[in-house]
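Colleague: A structural model of the following input is requested.
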Amino acid sequence: MLTASVPLYVPRALNHSLEKYGSLGAVFTLLSWLIALCVVAALCITTGAVVAKEPRAARHLGTPSADAPEDEPPPAGATPV
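Modeller: So this is what the prediction gives:
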């Protein structure tokens, strides 16, 4: 969705900032677009990690769920491997 809007928004914003601020405006426009892209990527990665821990999704993905017990200590008398 974000990358689909690049051809619609960036050329107009870039032309406007070039006219108003010169080459520094173009730099700021591109940096702001890259920051927005990184924020969206970080949110998607975080959401994916949270969803993967949900019990229903964990069963399908084969990941440990949030309800699964943490690593339990070995029973008394067991030798570590």
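Colleague: how far away from the center of its chain is the longest helix anywhere in the chain?
Modeller: Looking across the chain with DSSP state H, the single longest helix is helix 23-52. Relative to its chain's centre, helix 23-52 lies at 8 Å (CA atoms, centre = their mean, to the nearest Å).
Colleague: geometric centre of the chain: which residue is closest?
Modeller: Ala42 (2.3 Å; CA atoms, centre = their mean).
Colleague: would you mind listing the buried residues in the longest helix of the chain?
Modeller: Within helix 23-52, the residues that qualify as buried by neighbour count (16 or more other CB atoms under 10 Å) are Gly25, Thr29, Trp33, Ala52. Placement of C-beta: from N, CA and C, glycine included.
Colleague: mind putting those residues into TSV with distance to Ser17?
Modeller: As requested, the buried residues of helix 23-52 are exported to TSV (distance: CB to CB, whole Å):
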residue	distance to Ser17
Gly25	3
Thr29	5
Trp33	11
Ala52	39
